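*Asks:* Sharing a model prediction with you, sequence too.
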Amino acid sequence: MIPSRIAGSVFAASLLLLLSACGGSQATREAAEAQRPQEVLTPEEEARSFYDDGRTRVALLAPLSGQHAQVGQALANASQMALFDLADDDFALSVKDTGSGGPSAVAAFQDAVEEGADLILGPLFADDVRAVSSGAVGAGVPVLAFSNDRSLAQPGVYVMGLTPHAEVDRVIDYAARSGIRRVGLLMPQTPYGDAVRTALYEATQRYGGELVETVSYNPRSPDFSEPVREFAQRGGVSRGSGGMYDAVMVPAGRRELLSLAAQLAYHNVSPNQVQYLGTRLWEDLSISTEPSLMGGWFAAPNRNSWERFQERYESVYGEKPPRIAAIAYDSTAMAAVIAQDARDDDNDRIFSAEALQDGDGFAGVDGLFRLRPDGTVDRGLAVYEVQRNNFIEREPAPASFVPLIN
């Protein structure tokens, strides 16, 4: 099943039809309404008749107010694009404001459940996902969370954000097949850094390698020279060629990465002797001018698909989307496809575990993805190499998943 199978021209036509449907004479509509027999309903009956109309109901939980309102609106925009692309009249999407999180997120979730939501998209932040997870599991409503915190995953709560685990696993798999075994890690003292360390340890074990050394640094420090010096000395690379590292992983981005890379080169951690590895934080062309990063590898979704989505989004909304918008689009698109399939098969359990965990997976803006029974999500990622002002594809994203083994 491929959520993104409808082309952009159909999207434009659907949008035009929607706008046309909003036109017409107000007086004509009012006259037609006046001729209809009016049925008096109690407030409870009124609410029930509105929400119990046989439509598939999906709720998007996003921060539409407060500090992160701009990101939340982008999530809503991307979901609306998927709605136009793939959903039919029997699919209803409601957007709930999680505000500053906590109680606001719980209230948004409760509103969605009371309105009969069959599926929850979001929330965005890990704390909000934790706040709504128990209620969602208890209510039997699946959640496609936009966080990338893998620890949130559980049956019925799927972590849709691209996790460090997926990125690290992919690039270490490629590195191992390229003869790299011994990997050193220079990591920030943050939860993200901890997640990368865990993922790197698991990946090196899985693919026959070894995490030989880990040094951490304070990302808020104005000077990284001491931890970089320690890292170089532990690896033996500051005392000559060779050393104990075949590769060094640096899970940082932008100016932080540029500073670390320059200091690593100064301490003779040379890209001519050691393969540099990164995470999706490297997916920023501002890093492609640093000489020591030339030839470095990182894993990310197919960039061509993202760039096409970015162009479409900008043409509709007049601004560039944040990267997380792709997750909202793909989640909404997948929900629309599953809903259509369920109606075609006359299946009442629309978002069953079986439907969500289709072994073949789904294809979206961020490439192939497949939901697992434990709430984690498999990703089909490409491997890229940093070159001056460019990223070149070393190995494409897979075209299909290896069948699940039960």
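*Replies:* Looks like it arrived, so ask away. Numbering: from 1, shown residues only.

*Asks:* Run a quick neighbour tally on the closest residue to residue 69 other than its chain neighbours.
*Replies:* Once flanking residues are discounted, residue 69 sits nearest to residue 63: 6.1 Å by CB to CB, 6 or more residues apart in numbering. Every residue, glycine included, has its C-beta placed from N, CA and C. Per other CB atoms under 10 Å, the neighbour tally for residue 63 reads 26.

*Asks:* Need the mean per-residue confidence for the one helix or strand residue 92 maps to.
*Replies:* Using DSSP states H and E, residue 92 sits within strand 91-97. In this model, strand 91-97 has an average pLDDT of 96.

*Asks:* The very next helix or strand once past that strand - contacts with which helices or strands?
*Replies:* Next along the chain after strand 91-97, taking DSSP H and E as the criterion, comes helix 103-114. Helices and strands touching helix 103-114, by 3 or more CB pairs under 8 Å, 6 or more residues apart in numbering; DSSP states H and E, are strand 56-62, strand 91-97, helix 126-139.

*Asks:* count of neighbours near the residue nearest to residue 321 when sequence neighbours are not counted?
*Replies:* Leaving aside its sequence neighbours, residue 321 sits nearest to residue 313 (CB to CB, 6+ apart; 4.4 Å). Residues near residue 313, counting by other CB under 10 Å, number 22.

*Asks:* And stretch 362-378, what's buried?
*Replies:* Within stretch 362-378, the residues scored as buried using 16 or more other CB atoms under 10 Å are 362-371, 375-378.

*Asks:* I'd like to know which of these are part of helices.
*Replies:* Counting by DSSP state H, those place none of their members in helices.

*Asks:* Of the helices and strands packed on helix 103-114, flag the one that's most buried.
*Replies:* Mean neighbour count (mean count of other CB atoms under 10 Å) peaks for strand 56-62 among the helices and strands packed on helix 103-114, with a mean of 26.

*Asks:* and the angle from the very next helix or strand once past it to strand 91-97?
*Replies:* As assigned by DSSP H and E, the chain's next helix or strand after strand 56-62 is helix 69-86. On the basis of axes from the mean of the first three to the mean of the last three CA atoms, to 10 degrees, helix 69-86 is oriented at 180 degrees to strand 91-97.

*Asks:* so how far is helix 69-86 from its chain's centroid?
*Replies:* On the basis of CA atoms, centre = their mean, to the nearest Å, helix 69-86 sits 14 Å off its chain's mean C-alpha point.

*Asks:* And the closest residue in space to residue 370 that isn't next to it in sequence, what's its pLDDT?
*Replies:* Nearest residue to residue 370, sequence neighbours excluded (CB to CB, 6+ apart): residue 361, at 3.5 Å. The score at residue 361 is 93. That number is its pLDDT.

*Asks:* What is the neighbour count of residue 361?
*Replies:* If you count neighbours by other CB under 10 Å, residue 361 ends up with 23.

*Asks:* Which neighbouring elements make contact with the longest helix seen in the chain?
*Replies:* Secondary structure of the chain per DSSP H: the longest helix is helix 325-344. Using 3+ CB pairs under 8 Å, 6+ apart as the contact test, the elements touching helix 325-344 are strand 56-62, helix 69-86, strand 91-97, strand 119-121, strand 143-145, helix 303-317, helix 353-356, strand 362-364.

*Asks:* quick one: average confidence on the fifth one?
*Replies:* To tie it back to what came earlier, the one meant is strand 143-145. For strand 143-145, the mean pLDDT works out to 98.

*Asks:* Where does the prediction get shaky in this protein?
*Replies:* The model of the chain has pLDDT under 70 over residues 1-53, 236-243, 346-347, 403-406.

*Asks:* So which residue is dead centre in it?
*Replies:* With distances taken as CA atoms, centre = their mean, residue 161 lies nearest the centre of the chain, 3.0 Å away.

*Asks:* Now do the SS call for that one.
*Replies:* Of the three states, residue 161 takes coil under DSSP: H, G, I helix; E, B strand; the rest coil.

*Asks:* Same question for residue 263.
*Replies:* Assigned with three-state DSSP, residue 263 falls in the helix class.

*Asks:* Next, the residue lying closest to it once chain neighbours are set aside: secondary structure please.
*Replies:* Setting aside the residues directly before and after it, residue 263 is nearest to residue 228 in space (CB to CB, 6+ apart), at 4.3 Å. Here residue 228 is recorded as helix under three-state DSSP.

*Asks:* how close does residue 228 get to residue 175?
*Replies:* Distance, residue 228 to residue 175, by CB to CB, to the nearest Å: 21 Å.

*Asks:* try residue 96
*Replies:* 42 Å.

*Asks:* which ones are touching the residue nearest to residue 370?
*Replies:* Counting by CB atoms under 8 Å, 6 or more residues apart in numbering, residue 361 makes contact with 368-370, 378, 380, 400-401.

*Asks:* Identify, from the residues you listed, the entry nearest to residue 81.
*Replies:* residue 369 (17.7 Å; CB to CB).

*Asks:* so that closest one bridges to which residues?
*Replies:* residue 362, residue 379 (DSSP bridges).

*Asks:* so it makes contact with residue 379?
*Replies:* Yes - under the criterion of CB atoms under 8 Å, residue 369 makes contact with residue 379 at 5.5 Å.

*Asks:* Mind listing the shared neighbours of the two?
*Replies:* By CB under 8 Å, 6+ apart, residue 369 and residue 379 have no common neighbours.

*Asks:* Kindly calculate the angle that the host helix or strand of residue 202 makes with helix 126-139.
*Replies:* Per DSSP H and E: residue 202 is located in helix 191-206. Here helix 191-206 points in a direction 70 degrees away from that of helix 126-139 (the same axes, to 10 degrees).

*Asks:* Direction-wise, compare the helix or strand that comes right after helix 191-206 with helix 191-206 and give the angle.
*Replies:* As assigned by DSSP H and E, the chain's next helix or strand after helix 191-206 is strand 210-217. With the same axes, to 10 degrees applied, the angle from strand 210-217 to helix 191-206 works out at 170 degrees.

*Asks:* Return the list of strands paired to strand 210-217, each annotated with direction.
*Replies:* Using DSSP bridges, strand 210-217 pairs in its sheet with strand 182-188 (parallel).
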